[in-house]
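Asks: Pasting a predicted model and its sequence here:
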Amino acid sequence: MKRSALFRRTFSFVRPYWHILALSIVLSLLIVVFETVSLWVIATLADTLFSINKGAPSAPMINVGSLNAVLKQWVHQLTQAGTPQGTLARVCLIFGASFLLKNSLTYINSLIISSLNLRVIQDIRNAVYRHVLMLPVSYYDRNKSGAILSIILNDVGRLNFAMTNTITKSFAEPIRLITFWTLLFVISTKLTLVVFLIYPVLILLITRIGKSVRRRSKRTLENLGGLTSVLHETVNCVRAVKMFNMNEAEATKFKTENRRFIRNSFRSTRTSAITSPLTEVLGLMVAVSLLWIGGTQVLAGKGMTAEDFIRYLTLLIFSYQPLKALAGINNATQAGLAAAERVVSVLDTPAEDYDVQGKITQPPFTKDISFNNVSFTYPGTTDEVLHDVSFSVKKGTVVALVGSSGAGKSTILDLLPRFYEVSKGTVTVDGTDVTGMSLVGLRSLFGIVAQETILFNDTVFNNISYGVKDATMDAARDAARAANALEFIDKLPKGFETLIGERGVMLSGGQCQRLSIARALLRNPPILILDEATSSLDTESERLVQAAIDNLIQNRTVVVVAHRLSTVRNADTILVLDKGQIVERGTHDQLMALGSRYKYFHDLQFSTKARGEVA
């Protein structure tokens with residue numbers, strides 16, 4: 001994305017706080033005014049102390065510009081008190097007061113800008129997080145979770161740092177520089193034109209360094225995303241790491257990513273750090289040259305007066321401070337743009353269409369859900385996962401999906417709530433295409449109990465009532481009782497107020513699954529999706545969970561996926577999938593009588609079980 005577009009996108013977040021920014025600009029102008037006054041009177045102080053005609057203002061030289069003469073005359077009239085001591089007192093008072101006001105306003109302005117910056121970054125982080133939650137499931141499938149976390153935390157943080165170092169200075173430093181340059185021209189046009197010969201060189205160097213900083217900063221952020229991904233995966237899979245004795249291997253992987261991050265960080269810092277000393281060295285060369293040329297003329301009684309020369313050198317030296325600051329701003333801006341580019345790329349990723357305008361907000365479900373000649377190919381691939389699949393799930397019936405891994409069962413479940421959009425064909429509810437329905441309304445039809453239980457690091461009550469507004473404790477207890485979960489919940493240290501840890505680590509697998517079933521019962525959806533809900537449980541847990549599922553599916557439409565065929569024997573319809581197509585359909589008895597694919601799965605599973613029991 002072009003730099004100008006990135007600027008517009010980033011500073012669009014500043015627009016709501018324009019009044020704070022306007023106040024900061026006014027304060028910046030006042031800061032420049034008071035700083036200029038303090039610098040201007042320094043030369044007057046020198047003239048007061050060392051002038052031969054003490055107590056009287058120095059008359060402007062004829063060859064000095066008229067504006068310079070007017071300014072000098074005005075300042076001398078302001079500072080003259082009749083005696084050298086009185087004049088000195090006035091000069092010191094003006095210098096001290098202007099310096100104090102300048103620094104007081106600088107402090108106030110820094111607080112104002114800090115407040116502005118924190119509000120803007122808060123808005124950006126909220127916007128990114130909200131947009132990430134609106135992105136389709138396919139985005140999460142294509143991107144590592146650690147990389148997403150890195151953008152929300154690290155990249156926005158880098159953007160925060162860049163804005164902290166640029167918002168104030170972007171307004172104050174150019175004003176300072178223009179003011180100092182103007183006064184330099186007022187004092188001596190010829191010397192200032194000589195000084196300006198070096199500025200194109202500085203600008204060229206600063207621009208090239210800035211481009212390098214942006215390039216290296218983007219690479220560093222990518223490395224940081226990789227580092228975060230490794231860390232996130234290792235922490236989430238720590239049991240597997242320990243079980244397979246992969247501690248050293250994971251430490252080595254992290255060390256490699258960390259080394260790459262540190263190397264690129266150092267390169268970025270090295271490039272950025274050269275700007276300040278380079279600016280100072282070139283500035284010093286100019287200052288020393290002018291000191292020799294101007295000083296020689298002053299000593300010879302030619303050109304500027306001593307007062308003008310001191311004032312000129314003071315302003316020249318101080319003019320390099322905003323120049324250095326602008327160079328730093330450029331580097332910080334480039335680093336910020338590298339972060340902004342990644343942040344904006346997330347914000348520009350198309351989100352799911354939650355807009356309900358012109359769509360059915362709460363679809364009725366009185367007849368059936370149908371797949372009509374549905375084919376599906378995952379984004380970025382060419383192989384069809386589903387091909388010309390057609391079936392109906394009538395209201396109040398149980399439909400089971402059976403097949404080997406990769407047959408397309410989970411894909412069908414993802415297409416029901418539109419986690420993915422079909423490539424060909426349609427999915428309908430009561431004959432209405434789901435693409436014409438609000439996502440919120442469509443997904444309100446479904447509840448899901450999956451093999452991998454989705455629980456949060458929160459209380460038992462909040463996990464059961466997740467997604468149900470204004471849920472009561474009595475309703476949660478009833479749902480837990482029906483899910484065979486109330487007995488173990490009441491034994492927890494704080495009952496329903498017990499924190500269960502991240503992903504429910506404080507509970508057993510069967511307990512987690514029963515909480516998930518209780519959540520589905522409390523939500524009371526018209527259609528229930530069971531995705532391998534009992535496949536990872538021991539016999540006792542499976543018995544309890546299966547009993548809870550029996551309570552859950554009563555008077556409800558159910559789509560169930562199961563490897564254990566014992567859980568689908570009583571389904572109204574069993575669909576057998578193979579390579580993305582439905583190859584058999586019917587009841588358990590019908591499919592067993594058919595003696596084909598389903599019977600093969602059945603015999604393989606139960607003959608293996610029988611051999612295990614004999615052993």
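Replies: Thanks, I have the structure now. Numbering: from 1, shown residues only.
Asks: Quick one: name whatever helix or strand follows the longest helix anywhere in the chain.
Replies: Criterion DSSP state H: the longest helix present in the chain is helix 84-134. Towards the C-terminus, the helix or strand next in line after helix 84-134, according to DSSP states H and E, is helix 137-142.
Asks: what comes into contact with that next one?
Replies: I148, T349, Y378, P379, G380, D414, F419, Y420 (CB atoms under 8 Å, 6 or more residues apart in numbering). Just so you know, the C-beta spots here come from the backbone N, C-alpha and C atoms, and that holds for glycine as well.
Asks: By neighbour count, which bits of it are buried? Give me those.
Replies: S138, Y139 (16 or more other CB atoms under 10 Å).
Asks: Break down the stretch 251-400 of the chain into its helices, ranges please.
Replies: For the stretch 251-400 of the chain, the helices defined by DSSP state H, counting those that start in this stretch occupy 275-299, 306-347.
Asks: average pLDDT for the last one?
Replies: The average of the pLDDT scores along helix 306-347 is 76.
Asks: What is it packed up against?
Replies: Applying 3 or more CB pairs under 8 Å, 6 or more residues apart in numbering; DSSP states H and E, one finds that helix 306-347 contacts helix 3-11, helix 18-50, helix 84-134, helix 156-164, helix 167-187, helix 199-236, helix 247-273, helix 275-299.
Asks: mind listing what A485 touches?
Replies: Counting by CB under 8 Å, 6+ apart, A485 makes contact with Q511, R514, L515, I517, A518, A548.
Asks: Would you format those residues as CSV with secondary structure and neighbour count included?
Replies: As requested, the contacts of A485 are exported to CSV (DSSP: H, G, I helix; E, B strand; the rest coil; neighbours: other CB atoms under 10 Å):
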residue, secondary structure, neighbour count
Q511, helix, 23
R514, helix, 29
L515, helix, 25
I517, helix, 30
A518, helix, 29
A548, helix, 27
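Asks: Which one of those residues is nearest to A97?
Replies: Using CB to CB, L515 comes nearest to A97 of the contacts of A485, at 69.2 Å.
Asks: Verify the stated contact: the closest one with G504.
Replies: Yes: contact status for L515 versus G504: in contact at 7.0 Å, counting by CB atoms under 8 Å.
Asks: So for the two, which residues contact both of them?
Replies: Joint contacts of L515 and G504 (CB under 8 Å, 6+ apart) are T453, L455, N463.
Asks: What's the ChimeraX line that selects buried ones from those residues?
Replies: Buried residues within the shared contacts of L515 and G504, by 16+ other CB under 10 Å, are selected in ChimeraX with:
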select :453,455,463
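Asks: In the chain, what helix or strand scores lowest on average pLDDT?
Replies: In the chain, no helix or strand scores lower on mean pLDDT, DSSP states H and E than helix 238-243, which sits at a mean of 57.
Asks: Report the contact partners of the residue lying closest to V460 once chain neighbours are set aside.
Replies: Once flanking residues are discounted, V460 sits nearest to F496: 4.8 Å by CB to CB, 6 or more residues apart in numbering. For F496, the contact set (CB under 8 Å, 6+ apart) comprises T459, V460, F461, I464, M473, A476, R477, A480, I489.
Asks: before we move on, what about G467?
Replies: Per CB under 8 Å, 6+ apart, neighbours of G467: R519, R523.
Asks: for the one 10 residues further on, same thing?
Replies: R477 makes contact with L486, F496 under the criterion CB under 8 Å, 6+ apart.
Asks: what's the answer for A172, then?
Replies: The contact partners of A172, taken as CB under 8 Å, 6+ apart, are S28, I31, V32, N109, P322.
Asks: Give me the nearest residue to the second one, chain neighbours excluded.
Replies: Looking back up the chat, that one is I31. Closest to I31 by CB to CB, 6+ apart is L105, at 5.0 Å.
Asks: So that neighbour versus L183, what's the distance?
Replies: Distance of L105 to L183, given as CB to CB, to the nearest Å: 20 Å.
Asks: Equivalent analysis for L193, please.
Replies: Taking CB to CB, one finds L193 at 15 Å from L183.
Asks: So which of the two has more stuff around it?
Replies: Between L193 and L183, counting by other CB atoms under 10 Å, L183 is the more crowded of the two (22 against 11).
Asks: If I look at that one, what pLDDT would I see?
Replies: 83.
Asks: wait, doesn't it sit right on V37?
Replies: No: assessed by CB under 8 Å, L183 is found out of contact with V37, at 11.2 Å.
Asks: who's in contact with Y420?
Replies: Residues near Y420 by CB under 8 Å, 6+ apart: P136, V137, S138, F376, Y378, T411, D414.
Asks: before we move on, what about Y466?
Replies: Y466 touches F456, R519, counting by CB under 8 Å, 6+ apart.
Asks: a strand runs through it, doesn't it?
Replies: No: with DSSP: H, G, I helix; E, B strand; the rest coil as the criterion, Y466 is assigned coil and is not in a strand.
Asks: Now tabulate the contacts of A485 in TSV and tack on distance to L116 and pLDDT.
Replies: TSV is the format used below for the contacts of A485 (distance: CB to CB, whole Å; pLDDT from 0 to 100):
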residue	distance to L116	pLDDT
Q511	49	83
R514	50	83
L515	44	87
I517	49	83
A518	46	86
A548	53	72
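Asks: Identify, from the residues you listed, the entry nearest to P364.
Replies: For these, the nearest to P364 is I517 (25.9 Å; CB to CB).
Asks: Distance of the closest one relative to V561?
Replies: 16 Å.
Asks: ok, back up a step: dump the contacts of helix 137-142 to TSV, plus distance to G336.
Replies: Below are the contacts of helix 137-142 laid out as TSV (distance: CB to CB, whole Å):
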residue	distance to G336
I148	20
T349	20
Y378	35
P379	31
G380	31
D414	38
F419	35
Y420	35
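Asks: which one of those is nearest L565?
Replies: Of all those, L565 sits closest to D414, with 22.6 Å by CB to CB.
Asks: Look up phi and psi at that closest one.
Replies: phi -70, psi -30 (degrees, to the nearest 10).
Asks: Which pLDDT does the model give it?
Replies: We note a pLDDT of 89 for D414 in this prediction.
Asks: Likewise for I274?
Replies: pLDDT, I274: 65.
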